[in-house]
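# Fold the following and give me the result.
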Amino acid sequence: MFLQRNVVSQLAALLTVGVILAMATGHPWLAVALPSLRAGWRSIATSVWIFGVDSVRRRAVICGLFGVAMGCWQVAATAVVSVAAMVVASQLLGRAPNMERFAAVMTTLLGGVSLTALLGLVASMAALMTRVRIWVHPTLPDILDGTLKWKRQSPARTGWNHAVFVLATSLTVPAVGACGYVLIQPGSIARALSVFALTWLTVIVSYGRLAGRIIADHPSQCWGSSSTG
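Numbering: from 1, shown residues only. Below is the predicted model:
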């Protein structure tokens with residue numbers, strides 16, 4: 001709990017500094033870069049750790065890719081908050097935001113989300129084919145006491161399995177993209193509503209089926225004595 005509060009405090013401080021720098025220089029990316037890099041670096045570092053120490057290579061690759069995708073997800077999510085903070089600050093100061101520079105930031109944001117979806121889909125299909133169950137978290141080295149193996153004396157509180165965010169994003173992004181393409185085509189309101197409802201139903205059903213087969217409910221299901229499911 002202390003670690004989570006510490007991270008939130010650091011992100012808030014970096015966001016504040018970034019917004020001040022962005023407003024002073026006119027470069028919105030300054031408000032995005034500082035907190036986004038802080039948000040994603042731990043997940044990326046954990047993935048590098050997994051790649052380096054896990055002797056079960058298929059698990060290392062799959063969980064490592066999920067960790068990288070989670071880092072991209074955190075960068076993108078923090079970028080959304082940063083952009084919103086910039087817009088609010090611009091309104092409070094009576095300044096019109098530079099939309100051209102904001103467009104560049106949003107392009108980077110979309111790239112991060114797309115990369116999350118791509119890595120997540122590849123890793124999910126690999127996990128499904130090799131029957132690896134996934135449990136990843138930015139603080140995984142601390143949770144597993146640096147051994148990549150769950151022990152009975154490991155912390156009782158393990159936090160959320162961050163793989164759920166990656167899997168949900170990986171299914172939602174391509175589905176929403178396909179839905180958007182269909183909706184911009186000429187057609188009736190009823191058709192548009194049907195496509196929209198069918199898209200979300202497909203995402204929910206697909207998530208339920210995939211999550212039940214590849215997402216671990218507890219670290220021991222991924223990092224226990226039995227390395228794969």
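
# hmm, who's touching the lowest-mean-pLDDT helix or strand in the chain?
Within the chain, no helix or strand scores below helix 2-25, which has a mean of 72 by mean pLDDT, DSSP states H and E. Outside of helix 2-25, the residues within contact range by CB atoms under 8 Å, 6 or more residues apart in numbering are 27-35, 38-39, 78, 81-82, 85-86, 89-90, 93, 95, 139. Using the backbone N, CA and C atoms, a C-beta is placed for each residue, glycine as well.

# As a check, name the ranges of all strands in the chain.
Counting by DSSP state E, the chain has no strands at all.

# Just give the nearest non-adjacent residue to the spatially most central residue of the chain, would you?
Closest to where the C-alpha atoms of the chain average out (CA atoms, centre = their mean) is Trp73, at 2.4 Å. Leaving out its chain neighbours, the residue that sits closest to Trp73 by CB to CB, 6 or more residues apart in numbering is Thr116, at 4.6 Å.

# Please tell me how far Ile189 sits from Trp200.
17 Å (CB to CB, to the nearest Å).

# do Leu11 as well
Leu11 is 30 Å from Trp200, by CB to CB.

# Have a look at the two and say which one is more surrounded.
With neighbours defined as other CB atoms under 10 Å, Leu11 and Trp200 compare such that Leu11 has more, 19 against 13.

# Helices of the chain, residue ranges please.
2-25, 29-53, 57-92, 99-130, 140-143, 163-183, 189-214, 219-223 (DSSP state H).

# picking up where we left off before, what's the PyMOL line that selects buried ones from the contacts of helix 2-25?
Applying 16 or more other CB atoms under 10 Å to those, the buried members can be selected in PyMOL as follows:
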select buried, resi 27+28+29+30+31+32+33+34+35+38+39+78+81+82+85+86+89+90+139
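
# From Arg59, how far off is the residue of the chain positioned farthest from its centre?
Residue distances from the centre of the chain (CA atoms, centre = their mean) peak at Ser188, which lies 35.2 Å from the mean C-alpha position. According to CB to CB, Ser188 and Arg59 sit 49 Å apart.
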